[in-house]
Each structure stands twice: as structure tokens, then as C-alpha cells.
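Q: only geometry, no sequence info:
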């Protein structure tokens, strides 16, 4: 970075004597010469004011002019010895000089204010103009003086130091001393010394004060920054070309006096060289009012700062954008608009420079700082497709930094170089090929992604605010009761949608940039949140790049569930058929369809049912769970399956019944039973045609049917019973008859058709236990007596069953057709019962014996030769003796039954009866004894006496009872006069 920060102007030439010291007061230059005289120089034309072409001058130019100065006054023998140092205090109008001693003179008349005799022989001093403190180094001592505001200096303190002080400067309350070959910090209050670090080996110590009490300490050709306590600052260090003799600070630059030239460096790290001013044998270098004075021999040179805006143009033209931006901060506060415009233009140029050099992330940071519109940056990425329907605004025209009203010195080339223009200026025909090569650059799109992410928050916030404003305005207009013409007038003012257009451009570009940089996961999360992506552009882009998962999320975010599900089903089918693109590493499984359908069960159940059919067969359990978790009505699901997937209807009902028994309605249970029954009937028909039917063979469907029949309702059982064949499926007959509370006929089938007494006993137990849980337990034991009767008199029970079956059918009164149907129903049921009872007789010959005959040795044959099942009856009595009424059971048994065979029944029954009788007797005696104890206690309580003596008191009037009539309360403790008691009773009522 090399540019013109200062202009060197020889303001004084041909001084009669060598200039030893110098200073500036107003527009005049004060020089201390080797002949001990003080010469004052002033501009040749005091009334004239030099100004640059921009009409603005540097602050110092009001005092120091660019034209040559002429001698105005000479004060001979102003000092007795050649002056060593001189300084002007602007705030106090004092001239401070060190010659034989330190003296103060009042400006401009040079009246002597004070001459401090104790400073005689001093070689260095440091003046704190703000506080009025003077620190003087003399031999091996340091003295501190305070200016009292009048004409005297008061010595505050004096401290001894290890060696002669070479350089010093105030740093807050402390003083930094350069002593011999090291730097030390002196506490002005206590005199304590603390070492900082050694100075250089070549040059003497050099202390330069900075702002806020910090210091710049010289170590040969290196300047080190420390704070007021001597601790190193993390601001790096200045490396001069040579070891400087003196250094002054004129922000934003540090200026060093070197043997052959004056070197100017920036105070911003890494402290680069700014300018070199070739002035040989410079003796004095001082800073005053923003200007720099340099003396060389008999001449005085002024280093006048170039205006800041001109320096900015120079730096920008040379590509030193960071330094130009730093200088923008130094522009006057009243030019804030100009400063913002300059900074924005520089940021844009800096961003283009970084972009062209491949530093994309740094480039977008500059674009962000420039506050340029996002379309400006997106125009640098031709491969990013933007919504064409959106109105892409041109970037705002930034002010031309070459405007003559702001610049005083700049070539036309530099001015033209800084003129901002539209992106097309930077993307000319020669550079289009370069951009095309960069458009697929990964780093370029990474930079774009970060840029858009940082800009997104503000743009999306404005878009949301715009939507909110429209909603509020719509609500206000909708609730307004003003005339229609006024309402229409308000409605015609449509709120601009610029913010949403910007949001759409940004989100559409951001999605593309993220995918072009391989951020698929980030793009997926991006689409899950609210966004303004252009659907058409993003859809085409995702299809082209085959980002199917992200496309699904795009559809989902825009509530295009049908399109999303069609695509997902297609991807699942391709994955299952192994015909998917080998480049697509994602495997699409059927459960992904189920996961997608879960959130939309409540809003669109028909859509869920439609697309769930594709995965019902492959994932039945998960699909049923989907229906249950989504609270889709089971009747709706069942009807949809019945129409579109009847083969899955039973599976659905089974799974639903197993997972959520309470959610299955009786109608659905009946539907499932009908399906089972149809399958069993088809199975029965096939086996019967093949003559392989066996009543004791159970298929899986038949087992399910028997289990399902246990839970059907009574009104459904009758319709199911009509579908059963009369000569088969007896167990199904029995279960249905049981659901109709026709226990006698059901038990008859178990005993005489199925020949399964164990099932009959189990049936009785189930009915008995069910009766126990009802409110009324009346007739709990009748079911066992019914089974006992079937064992002992099968034929009479069958006739009775037929009669009860005829009476069971309810009368119909719905016209002739219903009467005919009722008669047909009675006839069919009667025929069915007869067919059931005689089915086995038709299959076997008259000479054959019953299948259970071998277990019934000794059974009697009654009524047309039907055998009684006495052994089964006795087993029933012995197993369920505690549930059967013994007297009624004995009446049913044949008279020839041996008492010995009844022993297993009568023994526990009699034991229980006698035990119960004995327990009841004990309980009666215990209660009688308790009654006697209560009576005895009552008598003892009634026999209690009460002793009355002369001290007994009435509880009401608190007087003695004496010989008066008294009343005793039931607690046998409270005594009152009869008269008091009577009065209290009257008061109560």
C-alpha cells in the first residue's frame, strides 16, 4: 500500500541561522535558531485562504498554508543558549522551551510566564497539557511540577533514577522513562519503578505517547505497543526501514524521522508503508493541529495531509480496499450519507475483486457490508435459476466518488475507476467465459450459500410482516361497516409484495446453492421450515438433479400430498424392482409411505386410504397402526377395503381386533365373522365334494370363526345360524345357540352330536361364571341341571328343544310378505333341528351303536331305546357338586341308581351342609352371648348412684342444691334445680 497521504511543501526557506527547534501557533511558524533568536514567520498574504477544488480543506490548513511564509518578527537573544526543545500549548497559549532551563512565555506577545530555575541542566521533559503537569529529566533525577494557573510552577515531587533519562512521556498517572538501555515505568505518586523491557542496541530509547495513555516504545527499528502499565498490547509491532530518531503520531499514521527520509506508516496492523518523503538531514519533526513540521538546515517543510476523500480514491484505485474503508471512518460526522455511500461502493468493488480472485466467502462478506440487493450478487451466478415472474430490481445507484464537489485532487482515471455501475460492467463479454468456468465452482456456491443465509433473516422477517399487515388490513376491511364505495376504495390499494418476491428469490437461490455444494441434509431441514421457494423452478431443478427426498419435502411443505405420494410410491416400486438409478444411494422403503401419511390422517383420510393400499400387503401391521393412530373411522376403512381390497379386509379386521379390541364395533365384528363363515363354508363344500369331511378337523379359519363367534351379539347369531348347513359344523351351531341363550339345544349338540362331554362341561362353567358377575345370580345352577337332564333323558329334551325353538322366533307384523317370511323361517328352523337330530341316524345303520357307548356300561335304555348316560351324569355330580342343587339333582336320577355311586356327590355335599349348619349354630350362639353382654352393661349403667351433699351446686344458677327438688342429666354428673331446669326448657321452646 503506497499512496500520497501527505504533500511536502517548503514553507520557510533561507532562514539566517540554522533552525534548531520549531512550533506552530495559529497560522504562524515559530523557529528557534542556532543564534539563540526566535523568529516568527507568517503567510505572505494573510487574508488569502487556500482551498482545494472540492471546496473543502483539511483542518490544519486553516492555520498552516501551502504558500511560502515570510519573516514577520525576530526576537534576538531570546535564549542564552541554543534551544534544545520547544513546544506550543494551544489550549493555554503558552510557549514552552528548554534551553538553559525550562521557560514559559505567553503567546502571542511572548511575555515571560515562568522560568523554572530548578530545571537548570535538564536534557529532556514531557508536558501534560490537559492536567498542567511538567516532568523534567535532569542528570539522574526526575522532577514533577504543577502549573498553578498563574505565573508559578509548584514542584510536586522529585525522584531518583538509576541513570540519565534519554526519553520520557506521560502515560496516564505514570511516566515512562527511557534510561540508558531499558524502559521503566515510574509511579508519579510513590516513585516506584518497574522495568518494561530492554531498549535496542543501536538506537537510544525512544518513547512516543499514544491516545488513552498507551505508548510506542522504540527498539532499534521496531516500535512496540504497550499500555500505561508497560504491558504488551496484542496489536503487533511497527517495523521501520531503519532505526528512527523520533516518531510522531498523526492519526491514522505514524511518522518517523530517518536519516535520509521521512517514513509514513499506517497505524492499522500489519502497519504497512504508506509513503516515503525524501527530506535529508531532518533535524526536527513535530506534529501540530493535524499537520507535520520538519526542519532541515535553514528550511522548514510542512507535511500537509491529503484530503481523506482523495486518499480513499487513490487507495480504491490501487486495490487497497481495507485501508480505504478504514479512512472512511475518519470522514466528518456531518457527511454520514456520503460516508455510507463511499463505504458501500468500496465494499462492492472489494467484493468483486475478491470474487475474481476466488476468495468467495470473503467476497460475499463485502457484499453483505455494502447492503447491495441480493439480485446484484445473484447476477454473478448465471447457473442459479431465479423466478422470471418476479420483478428483479436493479441495484441502487451509489454516489460517484469522483464527484468534483467532494474531491480536490484526483486524476480522471482514478475517478472513473471508482465509478460503481451495474453488475454487467463487471461481467463484460470478455469475462463471461471466466464466469461460466466459475459457475460450478464449489467454493463459489459455498460463499453464496453463506451470503444468502446471513441475508435471509431480515428478508424473511419483512415478508412475514407484509403478510401480517395484509391479514390485519383484510380483517379491518371485513369488519368495517362503512359504505360499499369506501370499502371498495380501500380494497383497491393492494399492498406491495416486494418483500415476498425478495424472499422467493432468496429461498429459491439458497436451495439450489445448498444442493450444488452437497448440503442435502441442510436443504432437507431448510424445506421443513417455512420458506418461500418457487415451486416450479425448484421442482424442475430437483428432478434434474434427482434429489427425490428433497423433492418430497418440497411437495409436503406446499401441501401437494398427492404428487408427493405418487412420486414416493414410484420410488418404492423402483427400489423393490432394483431398477432404480445406481447413482441414487437412498433406498425408498414402504414404511416411508406410512410415515408420510401419518400427519395427514386427520385432514384427508380418503387420500390416506387411497395410497395406503399400496403398502397394506407389504406392511400390514404398520398400516393398521397408521389407521389407529390417525383416528380414521374403522367403518370407513372397512368399507374402503371391501370395495378396493377385499382380500385384505379380514386381515385388517383381525389386526385391528388384536391391537384395539375396544375400537372394533359390533358391526365390524359381525363383518369379520361373515368373512370367516364364508371361507369355512367354501372349505366345507370342497371337502364334502371330495368326501373327506370330518367334524373334528379344524382349519385355521375355522378356529378363528369359533373364537369370533364367542363375542357376537344375539341378533347377529340368528342370521349366522341360517347360513350353517344342517348336517355339519355342529360346534358352530352350538356356539351360536349359546349366544342366543338356547343352552339346552347347545348342550344337546355337544353331547349327542359332537360326543364331547368335556366341551359341554366347559360350556356350563362359562355360563355359570357369567351369571355370577351379573346383578342377579338367580338360576346359577340350572345350567348344570340342564346338562344332567340331557344325560338322563335325551329324547324328551330334544322334543322340548324343538318346541322351544318354534316359540323362540319373534312374531312379525310388517305385511303379508313378512308373514310369509315368518312362516318360512319357522319351517326352516324346525326342519333344521330335525335334520340336526337325525343326521347321525341317517349316516349309521340301525344296528350300529353310539360312539360313546363303550363308556356307558350299565346305562339304561328309555323311551324308544335311547340310552341314558348315567356315568357322565355321575361324573358331573361329583365334579360340580358345589354348584348343583342336590335335591333337584336327586329327583332327576333314576330310582335304580346305587347309593354307592352317589358317594362322591353326597359326601362333600353333606359335609358342606353339616359344616354350614354347625357354623350357623355357632354364629347364633355368639350373637346370643353378645346380646346378653349388652343387656348386662345396660343394667350396670342404670344401677349407677349419685351422691349429693351440702356442697353440691346447680350447674345453671351456680347455687347449692340443699333440700330443693333437683334434676339429674343422663350423664349422671350434671345436677340442676328443678325450677332452673323448667325455666331452661321454657326458654328453649
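A: Yes, it's here. This structure is a prediction, so every number in the text was calculated from the model and none was measured.
Q: now do the helices in the stretch 451-600 of the chain.
A: Shown for the stretch 451-600 of the chain, the helices assigned by DSSP state H, counting those that start in this stretch span residues 484-491, 498-516, 520-528, 535-545, 548-557, 561-576, 590-597.
Q: which SS state does residue 241 fall under?
A: coil (DSSP: H, G, I helix; E, B strand; the rest coil).
Q: dihedrals phi and psi, the spatially most central residue of the chain?
A: Averaging the C-alpha coordinates of the chain gives a centre point, and the residue nearest to it by C-alpha atoms, centre = their mean is residue 529 (10.5 Å). Main-chain torsions, residue 529, degrees, to the nearest 10: phi -90, psi 160.
Q: can you tell me how far it is from residue 456?
A: Applying C-beta to C-beta, to the nearest Å, the value for residue 529 to residue 456 is 11 Å. Where you see a C-beta, it was placed from the backbone N, CA and C, and this is true even at glycine.
Q: cool, residue 745 as well?
A: Per C-beta to C-beta, residue 745 is found 79 Å from residue 456.
Q: between the two, which one's more packed in?
A: More neighbours surround residue 745 than the other of residue 745 and residue 456, with 25 against 18 (other C-beta atoms under 10 Å).
Q: now name the helix or strand holding that one.
A: Taking DSSP states H and E as the definition, residue 745 sits inside helix 743-748.
Q: quick one: average pLDDT of that helix?
A: The average of the pLDDT scores along helix 743-748 is 80.
Q: what does stretch 672-690 give?
A: Summarised as a single mean, pLDDT over stretch 672-690 is 82.
Q: now stretch 505-517
A: For stretch 505-517, the per-residue pLDDT values average out at 91.
Q: work out the gap between it and the centre of the chain.
A: What separates the centre of stretch 505-517 from the centre of its chain is 22 Å, taken as C-alpha atoms, centre = their mean, to the nearest Å.
Q: same question, stretch 722-737
A: Using C-alpha atoms, centre = their mean, we find the averaged C-alpha position of stretch 722-737 to lie 63 Å away from the chain's own average C-alpha position.
Q: repeat that for stretch 728-744.
A: On the basis of C-alpha atoms, centre = their mean, the separation between the geometric centre of stretch 728-744 and that of its chain is 62 Å.
Q: follow-up on the earlier one: from the contact counts, what lies against the helix holding residue 745?
A: helix 730-739, helix 757-772, helix 782-792, helix 794-808 (3 or more C-beta pairs under 8 Å, 6 or more residues apart in numbering; DSSP states H and E).
Q: Throw those into JSON lines and include mean pLDDT, mean neighbour count and distance to residue 867, thanks.
A: As requested, those are arranged in JSON lines below (pLDDT from 0 to 100; neighbours: other C-beta atoms under 10 Å; distance: least, C-beta to C-beta, whole Å):
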{"stretch": "helix 730-739", "mean pLDDT": "80", "mean neighbour count": "23", "distance to residue 867": "20"}
{"stretch": "helix 757-772", "mean pLDDT": "83", "mean neighbour count": "16", "distance to residue 867": "14"}
{"stretch": "helix 782-792", "mean pLDDT": "82", "mean neighbour count": "23", "distance to residue 867": "10"}
{"stretch": "helix 794-808", "mean pLDDT": "54", "mean neighbour count": "16", "distance to residue 867": "8"}
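Q: with distance to residue 284 added, can I get those in TSV?
A: Formatted as TSV, the helices and strands packed on helix 743-748 follow (distance: least, C-beta to C-beta, whole Å):
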stretch	distance to residue 284
helix 730-739	123
helix 757-772	121
helix 782-792	131
helix 794-808	134
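Q: out of the ones you listed, which gets nearest to residue 879?
A: Closest approach to residue 879 among the helices and strands packed on helix 743-748 is made by helix 757-772 (7.2 Å; C-beta to C-beta).
Q: so how far is residue 281 from residue 9?
A: Distance, residue 9 to residue 281, by C-beta to C-beta: 18 Å.
Q: okay, these two: which has more neighbours?
A: Relative neighbour count places residue 9 above the other of residue 9 and residue 281, with 16 against 9, counting by other C-beta under 10 Å.
Q: sec struct for the more buried one, please.
A: Secondary structure of residue 9, reduced to three states by three-state DSSP: strand.
Q: what sits against it?
A: Shown in contact with residue 9 (C-beta atoms under 8 Å, 6 or more residues apart in numbering): 66, 301-304.
Q: at 10 Å what do you get?
A: With contacts defined as C-beta atoms under 10 Å, 6 or more residues apart in numbering, residue 9 is in contact with 64-68, 291, 300-304.
Q: which strand residues bridge it?
A: According to DSSP bridges, the residues that bridge with residue 9 are residue 302.
Q: quick revisit: can you redo the helices of the stretch 451-600 of the chain as CSV with mean neighbour count and distance to residue 132?
A: Below are those laid out as CSV (neighbours: other C-beta atoms under 10 Å; distance: least, C-beta to C-beta, whole Å):
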stretch, mean neighbour count, distance to residue 132
helix 484-491, 10, 70
helix 498-516, 23, 60
helix 520-528, 17, 64
helix 535-545, 16, 72
helix 548-557, 21, 72
helix 561-576, 18, 81
helix 590-597, 19, 81
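Q: how about low-confidence regions in the stretch 351-500 of the chain?
A: In the prediction, the stretch 351-500 of the chain carries residues with pLDDT under 70 at positions 389-440, 478-496.
Q: how about the spatially closest residue to residue 253 that is not a sequence neighbour, phi and psi?
A: Distances taken as C-beta to C-beta, 6 or more residues apart in numbering place residue 264 nearest to residue 253, at 5.2 Å, with adjacent residues excluded. For residue 264, the backbone dihedrals are phi -120, psi 120 (criterion: degrees, to the nearest 10).
Q: for residue 264, give its distance to residue 247.
A: Here the distance between residue 264 and residue 247 works out to 11 Å (C-beta to C-beta).
Q: element containing residue 185, please.
A: strand 182-187.
Q: what pairs with that strand, and is each one parallel or antiparallel?
A: Strands flanking strand 182-187 in the sheet, each with its direction: strand 174-179 (antiparallel), strand 193-198 (antiparallel) (DSSP bridges).
Q: list the buried residues of the last one.
A: When you say that, I think you mean strand 193-198. Neighbour-count burial for strand 193-198, counted by 16 or more other C-beta atoms under 10 Å, picks out 193, 196.
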